[in-house]
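*Asks:* The following block contains a protein sequence and its predicted model.
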Amino acid sequence: MGRQRLILLFIAALVIGALVVIWKIPTQLGLDLRGGSQLTIQVKPTEQVKEIKPDDLDAVRRVIEGRVNGLGVSEPLVLTAGNNQIIVQLPGVNDPIQAERVLGGTAQLDFRKQKPGTEARLQIERQQLREKIAKRDELRKSPDVSAIERNQADLKATNTAIAELFEKTELSGQNLKDAYPGATNSQNVWDVALQFDQRGGELFAELTKSIAGTGRTLGIFLDGAPISANFAYSVDAKYAQTGINGGSAVIEGNFPIETARDLAIQLKGGALPFPVEVVENRTVGATLGRDSIQSSIYAGLGGLSLVLIFMVVYYRLPGMIADTSLIIYTILTLATFNLLGVTLTLPGIAGFILSIGMAVDANILIFERTREELKAGKTLYRSVESGFYRAFSSILDSNVTTLIACGALFWLGAGLVKGFALTLALGVVISMFTAITCSRTLMLYVLGFPSLRKPEYFCPNLPATKRSEAQLSS
Amino acid sequence: MKLQIIRQRNLWWALSSALILAGLAGMFISWQQFGAPLRPSLDFVGGTRLQFELDCSKPGACDQPVDVAIVREILATEGQANSSIQAITDRTGKPVGVTIRTAPLTGEERTKLQTALSQKIGDFDPTKTQIDTVGPVVGQQLFTSGLLALLVSFAGIIVYMSLRFQLDYAIFAIVALFHDILITTGVFSILGLLFGVEADSLFIVALLTIVGFSVNDTVVIYDRIRETITLNPDRHIDDIVDAAVNQTLGRSINTTLTVLLTLFSIFFFGGETLKNFALALIIGFTMGAYSSIFIASTLLALWREKTGQAFSPNPSLDSIASSDEASS
């Protein structure tokens, strides 16, 4: 009895712990439930590079991440998928048109020339830009949507103000062949080297000649907005006669390596290392997502109550025990989702609700076996024991086959399918514990009360002779 | 109640064959109409599906259903004449918006279309918009990975069942699974022809779940057949199968019933997205229970009879000794 009590305490502690977890750690909801946009970007090989290697894909991911950060979306997520795809999740975005343009590679990089007489204003605006970009990066992980929106509006205003101080030139990202960080003589001070094509080299020479030594700057813009906080550069007076010619240039920004690398990536971003295409776009409005959450809750509660009622009506006292285990199952599973950070999607919730129906299967097998043993004339205690013992192999076999299918779904499926497989598989594993260990412990505990030790509570319609027999020897 | 499984087996086989044939006919007709055994959703063939709901907070905006003719006209001017359009209502039957399915649209094309629609129909509520664009490549990829997953799980189950039971048990379990999958697919192809029900990526998920779950009932019955054989090696296989099926009938029905309860709950309350998914599972799981009881077991009995294994070959002391470990 001591051991049973120990397990009972353990289960109680587990349930309390699970409730705390559910209370403290928020459930991660997928974009189809919270509303938002998921874009799948396909990276295509080029004539020169026929195969996309993991390194290449990662380079593209970095570029895309940089661009996504520029969108000012709360908690964006950029992942590589498979050999040549990148998935971008943008929570709260109802119309991803801007994202599609920027991420799809249609964004334009261009080099502009500062208008005369704007030096003082540019100083102020640059300071503003720096502060707001710093603020944006700080807000990136924050769920405070209104702060992000404010920051985004501020940033836009500053960007427009800055854009007005510059005039367009013919030089665009298409003329830029390459950009890469280069080491300098000093330690941890890096430059960014630029390489233009022939026409680009001529245009760049012309552009730099016109501003060299004037204190006015050359600005680099992406889609009409400054490419980063380090977007404007002045040109040394020594180039006043010729401009920077030869088709290559070095941005001497005294950068640390990270900044140099990011800038190089952003510059190259004007011309991504590979052509990309948005091949999938799944967008769900926030209100629709909320509706889905609500209907899932109804479906979940409906399913749970139907199963609870069925079990108690059909199986009586053991049914009540199965119900208790099922409620424990529900709590533990939800806590596990939160604890492991499983992102719940609509199919994931379906998998979870389905697993509620499957979780009692083990109990059904056990109780049916118990009834059989009772009908065969065994004592109540022995019937219960062998019910658990003999049903185990069926339970194991049937759960393993379900897990095999879940495994296949998880490894080979994508996105939503994975979510379903994961929740179903977790459900199956946890139900093994609740339906067997929990039910068994509770059952043995209940059998400790003489008033509950009545075979008819376990098996209605038991022939009278068997009944007395069973009771007598229990 | 006692089922005469073996004696009535011709009836069960005829019933299953009729269902499968009807399904195959449906798939054949679908193939001629859509080039696929089922009416494919945009997950597989690519395209854009847009769902716009009117901004009902504005007075009078949601009084009348969206005029499909106007939408069709706008689509025609945008070069999307071959689109399907459907006006949608909310749960209370109030007209709220429209869904449109077109060829894959780029962001620009979509915005242009949306602006044109808003001008004619009224403002849409951006938080109730749903956009799905799938390129044809993605659909292909989804289909192949789904098919691969199906094959892998079949293989996994054959291996596991052969390890736990014997090869012939495993093979008939798989036959029963094929039966379930074929009937579910057949029913969906007929539903696709009659009511326009589409097979999307969730349908593949449903098929895989059916594979994982419906073998459960078969396992329970097989487990009992094995146990009965070891306990009574001198009984005829027909007799054993009959007894085993009847003894496990309660649990076969109840395990399926509890799952069906949750599925019906998803079907009725779970929202539009999950409706067909739940329906596929309901059909598949019901078939799973049916095929375990009536198909997998009778086929096993027939096979053992025809191969001269109607009686357990060696009722050795080992098997009797190990019968204590056998189970329900």
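*Replies:* Perfect, thanks for sending it. No experiment lies behind these values; they were computed from the predicted model shown.
*Asks:* For the stretch 1-150 of chain B, just list every one of the helices.
*Replies:* For the stretch 1-150 of chain B, the helices defined by DSSP state H, counting those that start in this stretch cover B:9-34, B:42-45, B:68-77, B:107-121, B:136-164.
*Asks:* Can I get the fourth one in CSV, CA atoms only?
*Replies:* Yep, that's helix B:107-121 we're talking about. These are the backbone C-alpha positions of helix B:107-121, laid out as CSV (Å, rounded to 0.1, in the frame of the first residue of the first chain):
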residue,chain,number,x,y,z
GLY,B,107,1.5,40.0,-54.8
GLU,B,108,0.9,42.8,-57.2
GLU,B,109,-1.8,41.0,-59.2
ARG,B,110,-3.5,40.2,-55.9
THR,B,111,-3.4,43.7,-54.7
LYS,B,112,-4.8,45.0,-58.0
LEU,B,113,-7.6,42.5,-57.8
GLN,B,114,-8.4,43.3,-54.2
THR,B,115,-8.6,47.0,-54.9
ALA,B,116,-10.9,46.4,-57.9
LEU,B,117,-13.2,44.3,-55.8
SER,B,118,-13.3,46.7,-52.9
GLN,B,119,-14.3,49.5,-55.3
LYS,B,120,-17.3,47.5,-56.6
ILE,B,121,-18.4,45.5,-53.5
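*Asks:* now the helices of the stretch 1-150 of chain B in JSON lines, with distance to chain A, mean pLDDT and mean neighbour count?
*Replies:* C-betas here are computed from N, CA, C, even on glycine. Putting the helices of the stretch 1-150 of chain B into JSON lines (distance: least, Cβ to the nearest Cβ, whole Å; pLDDT from 0 to 100; neighbours: other Cβ atoms under 10 Å in any protein chain shown) gives the following:
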{"stretch": "helix B:9-34", "distance to chain A": "21", "mean pLDDT": "92", "mean neighbour count": "15"}
{"stretch": "helix B:42-45", "distance to chain A": "10", "mean pLDDT": "82", "mean neighbour count": "22"}
{"stretch": "helix B:68-77", "distance to chain A": "18", "mean pLDDT": "84", "mean neighbour count": "15"}
{"stretch": "helix B:107-121", "distance to chain A": "4", "mean pLDDT": "82", "mean neighbour count": "16"}
{"stretch": "helix B:136-164", "distance to chain A": "4", "mean pLDDT": "83", "mean neighbour count": "18"}
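*Asks:* so what's whichever residue of chain A sits closest to chain B up against?
*Replies:* Closest contact between chain A and chain B, by Cβ to the nearest Cβ, is at A:Ala405 (2.8 Å). Residues near A:Ala405 by Cβ atoms under 8 Å, 6 or more residues apart in numbering or on different chains: B:153, B:156-157, B:208-209, B:211-213.
*Asks:* Quick check: phi and psi on A:Ala249?
*Replies:* phi -150, psi 160 (degrees, to the nearest 10).
*Asks:* Same question for A:Arg453.
*Replies:* phi -80, psi 50.
*Asks:* isn't it right up against A:Leu447?
*Replies:* Yes: the pair A:Arg453 / A:Leu447 is scored as a contact, 5.9 Å apart, by Cβ atoms under 8 Å.
*Asks:* Please report how far the spatially closest residue to A:Gly224 that is not a sequence neighbour lies from A:Leu263.
*Replies:* Leaving aside its sequence neighbours, A:Gly224 sits nearest to A:Ala163 (Cβ to Cβ, 6 or more residues apart in numbering or on different chains; 5.8 Å). Using Cβ to Cβ, to the nearest Å, A:Ala163 is found at 19 Å from A:Leu263.
*Asks:* Settle it for me: which of those two has more neighbours?
*Replies:* Between A:Ala163 and A:Leu263, A:Leu263 has the larger neighbour count (other Cβ atoms under 10 Å in any protein chain shown), namely 25 against 17.
*Asks:* so the more buried one is in which element?
*Replies:* A:Leu263 is part of helix A:257-269 when elements are defined by DSSP states H and E.
*Asks:* go on, A:Ser37?
*Replies:* If you go by DSSP H and E, A:Ser37 is part of strand A:36-43.
*Asks:* Next, please give the residue ranges for the strands of chain B.
*Replies:* B:47-53, B:84-89, B:95-102, B:130-134 (DSSP state E).
*Asks:* want to throw those into TSV with mean neighbour count?
*Replies:* Converted to TSV, the strands of chain B look like this (neighbours: other Cβ atoms under 10 Å in any protein chain shown):
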stretch	mean neighbour count
strand B:47-53	23
strand B:84-89	15
strand B:95-102	21
strand B:130-134	23
